[in-house]
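**Q** Fold the stuff below for me.
(chains A, B and C)
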Amino acid sequence: MSYIDAGYAIAFGVLAAYAAILWRRRQRLERSASRAPAHRDP
Amino acid sequence: MSPADPAVAPWSPRATWVVRGLGIAAAVALAATIWLGLWVTPPDQVQHNLVRLVYIHPPIAWVALYLAFGVAAASSVLWLWPRTRSRFWDRLAVSAVEVGIVFTALTLVTGSIWGRPTWGVWWAWDARLTSTALLLVLLLGYMAVRRVPADPDSRARRSAVVALVAAVDVPIVHFSVDWWHTLHQGATVLNANLSPTIHGSMAWTLLLGFVAFTLLFAWMLAIRYRVEVLSEHLQDSELDVALHERWAEGTAPVPGPDGALAGSGRPA
Amino acid sequence: MWRDTALVAGKDLRIELRSRVVMHQVVPVAVMVLVLFAFALGPDRAPMARAAPGLFWVAVLFASVLAVQRSFALEAPDGARDGLRLSGLDPAGVFLGKTAAVAVQMVVLEVVLTAGVVVLYGSHIRSYGSIVVAGLAGTAGLAAAGTLYGALAAGLRVRETLLPFLFLPVAAPVLLAGTRAWQAALGIGSGSAGDPWVRLLLVFAAVYLALGVVIFGPLQEAS
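**A** Residues are numbered from 1 along each chain as shown, chains lettered A, B, ... in the order given. Just a heads-up that it's a prediction; the model follows:
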């Protein structure tokens, strides 16, 4: 029985963690990209 | 690559809506799969409770080996083909590879967890496991090449070739390991196939599992793609800032925001 | 294209004849690998002889990484790589030429290693024909795939660690098939015929030669 629990826990745990990482990376990038840069290319 | 726009365009409302819908649908489908897989469906006659892993392992494998890898390989080819070349394909390829790495690793782990109580071994050198393991190494190689500093075109070029070679190699590996077992006299070929009679609620749960993980892959791919677009832009604008600071510390006049060169003040 | 192939192959081989880097450095390393395997598996010859096919091909694999790195190091100094790119030579010809040069050097290496295996491990070769064909086919495949990846990694500072990491997984089928073919030729293991494996080696070589010819040009445009 514990094998199944371990399998489900690992699979969904890893996927949830990766999803959270992606989401946070995206949020941080959206924030820094919306700030207009100080200098522009001539 | 000079970004003329000060900011990256956000997603259109329709795109945002689609991606959000994907995410919600994926979450609902996954929750349903877990519920059905762990509680509602009965134990198998042969595999008993171990069959519950069948609801997640084959779907994860399908996403890793066919969806993610397929998208990565196809995008790479489309980028290499001059007539269809576009940064979209390069970004899609790297997104598919990264998500693919997660799913491929999980394929191996869930397969191993299933294999241990079923066959008594954590690992076996059969065709499927071996080529999946090799695929993981090849995908990691893709990311390693990706990390080498280079202009976007060269980087895309090298990455696409790696993906293409991998796409050619994985079938060859699968084929040769398969032969290895069938031609080797006296070897026991591990039958990794599902029990042929899977019906009723189990079949529906399996189908739901495939749908759920496919939706999850699509959502992750979209978010990762957006991350790629944003981080490329950030790298470009960071380069601009660094260049500007470099000019400022030199003796050359600094170009103003309107592009005109101001009168040069000579710093010490 | 064939003229360019001959040109590039001739150039690479002439440099090797004059500098003898492969002969004096790569071949001894490969032989050393055989010796080290003996330390790992010995002192009885029986395990060594049984493992000889696999050990031979592992040594060949590692040596091919070195040979490919050497092949592209030839153009590292003084912007020779750019010179080659701008020379107007057909990229497919350049690819085939470099592949041919690497393959020739590998064949020389393999002859030495075969002698080493016979002497050090006490192997008995039953069928010379299939050894030769398997060796040539496997070498062609390794040289083609190696040259393709070598071009990809050329000029990158991480090339020393990147090339093996990229190349060895791709070369795995050659190791598998070559070992099986050699096992059949040496009469080791359960007597599965070697012919299917030789065919696999030929397919592998054909696939990677074709792939290299097509993709080498676009790849070279990467700075």
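**Q** where does chain B have low pLDDT?
**A** B:1-7, B:45, B:183-199, B:251-268 (pLDDT under 70).
**Q** tell me the contacts of the residue in chain C that chain B sits nearest to?
**A** In chain C, the residue that lies nearest chain B is C:Ala222 (3.7 Å; Cβ to the nearest Cβ). The way it works is simple: take the backbone N, C-alpha and C, and place the C-beta from them, glycine included. If a contact means Cβ atoms under 8 Å, 6 or more residues apart in numbering or on different chains, then C:Ala222 has B:Ala150, B:Asp153, B:Ser154, B:Arg155, B:Arg157, B:Arg158, C:Leu152 as its contacts.
**Q** Please tell me which one of the residues you listed counts the most neighbours.
**A** Highest neighbour count within those, by other Cβ atoms under 10 Å in any protein chain shown: C:Leu152, with 28 neighbours.
**Q** Excluding chain neighbours, what is closest to that one?
**A** Spatial nearest neighbour of C:Leu152, chain neighbours left out: B:Arg158 (5.2 Å); criterion: Cβ to Cβ, 6 or more residues apart in numbering or on different chains.
**Q** I'd guessed the one you found sits against C:Gln220; true?
**A** No: counting by Cβ atoms under 8 Å, no contact exists between B:Arg158 and C:Gln220, whose distance comes to 11.0 Å.
**Q** so which pair among the contacts of C:Ala222 is furthest apart in space?
**A** Taking Cβ to Cβ as the measure, those span a maximum distance of 14.1 Å, between B:Asp153 and C:Leu152.
**Q** burial measure for the spatially closest residue to B:Ala163 that is not a sequence neighbour, as a count.
**A** For B:Ala163, the nearest residue in space outside its immediate sequence neighbours is B:Ser76; the separation is 3.7 Å by Cβ to Cβ, 6+ apart. B:Ser76 is flanked by 29 other residues according to other Cβ under 10 Å.
**Q** same check, this time on the one 10 residues further on
**A** The tally of other residues near B:Ser86 (other Cβ under 10 Å) stands at 11.
**Q** Please give the element, helix or strand, for the residue of chain B found nearest chain C.
**A** Residue of chain B nearest chain C, by Cβ to the nearest Cβ: B:Ser154 (3.7 Å). When secondary structure is defined by DSSP states H and E, B:Ser154 falls within helix B:152-183.
**Q** same check, this time on C:Lys11
**A** Per DSSP H and E: C:Lys11 is located in helix C:2-19.
**Q** tell me what the very next helix or strand once past that helix is packed against?
**A** Scanning the chain past helix C:2-19 towards its C-terminal end, the next helix or strand to appear is helix C:21 (assignment: DSSP H and E). Using 3 or more Cβ pairs under 8 Å, 6 or more residues apart in numbering or on different chains; DSSP states H and E, no helix or strand is in contact with helix C:21.
**Q** Rounded mean pLDDT for helix C:21, please.
**A** The average pLDDT for helix C:21 rounds to 73.
**Q** now the next helix or strand along the chain from it: how far from the chain's centre is it?
**A** The C-terminal neighbour of helix C:21 among helices and strands, as given by DSSP H and E, is helix C:27-41. The gap between the average C-alpha position of helix C:27-41 and the chain average comes to 17 Å, counting by Cα atoms, centre = their mean, to the nearest Å.
**Q** Would you indicate which residues of helix C:27-41 are buried?
**A** Buried residues in helix C:27-41, counted by 16 or more other Cβ atoms under 10 Å in any protein chain shown: C:Val27, C:Ala30, C:Val31, C:Val33, C:Leu34, C:Phe37, C:Ala38, C:Leu41.
**Q** which residues touch it?
**A** Residues external to helix C:27-41 that are found in contact with it (Cβ under 8 Å, 6+ apart): C:47-48, C:51, C:55-56, C:58-60, C:62-63, C:66, C:108-109, C:112-113, C:116-117, C:120-121.
**Q** does the residue nearest to the spatial centre of chain C sit in a helix, a strand or a coil?
**A** A centroid search over chain C (Cα atoms, centre = their mean) returns C:Ser64, at 3.9 Å, as the residue closest to the centre. When the structure is split into helix, strand and coil by DSSP: H, G, I helix; E, B strand; the rest coil, C:Ser64 lands in helix.
**Q** residues contacting it?
**A** The neighbourhood of C:Ser64, defined by Cβ under 8 Å, 6+ apart, consists of C:Val102, C:Met106, C:Leu142, C:Ala143, C:Gly146, C:Phe167, C:Ala171.
**Q** Grab the nearest non-local neighbour of it.
**A** Leaving aside its sequence neighbours, C:Ser64 sits nearest to C:Leu142 (Cβ to Cβ, 6+ apart; 4.6 Å).
**Q** Isn't that neighbour up against C:Ala172?
**A** No: taking contacts as Cβ under 8 Å, C:Leu142 lies outside contact range of C:Ala172: 11.1 Å.
**Q** and those two? which has more neighbours close in?
**A** Higher neighbour count among C:Leu142 and C:Ala172: C:Leu142, with 32 against 19, using other Cβ under 10 Å.
**Q** where along chain A do the helices fall?
**A** Secondary structure of chain A, counting by DSSP state H: helices at A:2-34.
**Q** show me where pLDDT drops low in it?
**A** Across chain A, residues meeting the criterion (pLDDT under 70) sit at A:1, A:36-42.
**Q** Show me which residues of it sit near chain C.
**A** Remark: no part of chain A is in contact with chain C, using Cβ under 8 Å from any Cβ of the partner chain.
**Q** Could you point out the helix or strand that follows the worst-scoring helix or strand of chain C on mean pLDDT?
**A** Of the helices and strands making up chain C, the lowest-confidence element is helix C:80-86, at a mean of 71, by mean pLDDT, DSSP states H and E. For helix C:80-86, the succeeding helix or strand toward the C-terminus, using DSSP H and E, is helix C:91-121.
**Q** For that following helix, which residues meet the burial criterion?
**A** Neighbour-count burial for helix C:91-121, with 16+ other Cβ under 10 Å as criterion, is recorded at C:91-106, C:109-110, C:112-114, C:116-117, C:120-121.
**Q** Same check on stretch C:66-82?
**A** For stretch C:66-82, a neighbour-count test (16+ other Cβ under 10 Å) marks C:Leu66, C:Ala67, C:Val68, C:Gln69, C:Arg70, C:Ser71, C:Phe72, C:Leu74, C:Glu75, C:Arg81 as buried.
**Q** Please report how far the first one lies from C:Leu34.
**A** Here the distance between C:Leu66 and C:Leu34 works out to 15 Å (Cβ to Cβ, to the nearest Å).
**Q** Then C:Val65?
**A** The gap separating C:Val65 from C:Leu34 is 16 Å, by Cβ to Cβ.
**Q** next one: B:Phe217
**A** Counting by Cβ to Cβ, the gap between B:Phe217 and C:Leu34 amounts to 46 Å.
**Q** now do B:Val71
**A** When distances are taken as Cβ to Cβ, B:Val71 and C:Leu34 turn out to be 43 Å apart.
**Q** now B:Arg83
**A** Remark: distance between B:Arg83 and C:Leu34 (Cβ to Cβ) = 50 Å.
**Q** and what of C:Gly83?
**A** Looking at C:Gly83 against C:Leu34, where the rule is Cβ to Cβ, the gap reads 38 Å.
**Q** Please apply the same query to C:Val119.
**A** With Cβ to Cβ as the criterion, C:Val119 and C:Leu34 are 10 Å apart.
**Q** Neighbours of A:Ala6, how many?
**A** Close neighbours of A:Ala6, defined as other Cβ under 10 Å, add up to 15.
**Q** just the CA coordinates of stretch C:87-103, formatted as CSV?
**A** The C-alpha atoms that make up stretch C:87-103 are tabulated as CSV, following Å, rounded to 0.1, in the frame of the first residue of the first chain:
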residue,chain,number,x,y,z
SER,C,87,36.4,29.4,-47.9
GLY,C,88,33.4,28.6,-50.1
LEU,C,89,33.9,24.9,-49.5
ASP,C,90,30.7,22.9,-49.5
PRO,C,91,29.7,22.4,-45.8
ALA,C,92,28.6,18.8,-46.6
GLY,C,93,32.0,18.2,-48.1
VAL,C,94,33.7,19.7,-45.0
PHE,C,95,31.6,17.4,-42.8
LEU,C,96,32.3,14.3,-44.8
GLY,C,97,36.0,15.2,-45.0
LYS,C,98,36.4,15.7,-41.3
THR,C,99,34.4,12.6,-40.6
ALA,C,100,36.6,10.6,-43.0
ALA,C,101,39.7,11.8,-41.3
VAL,C,102,38.4,10.9,-37.9
ALA,C,103,37.3,7.5,-39.2
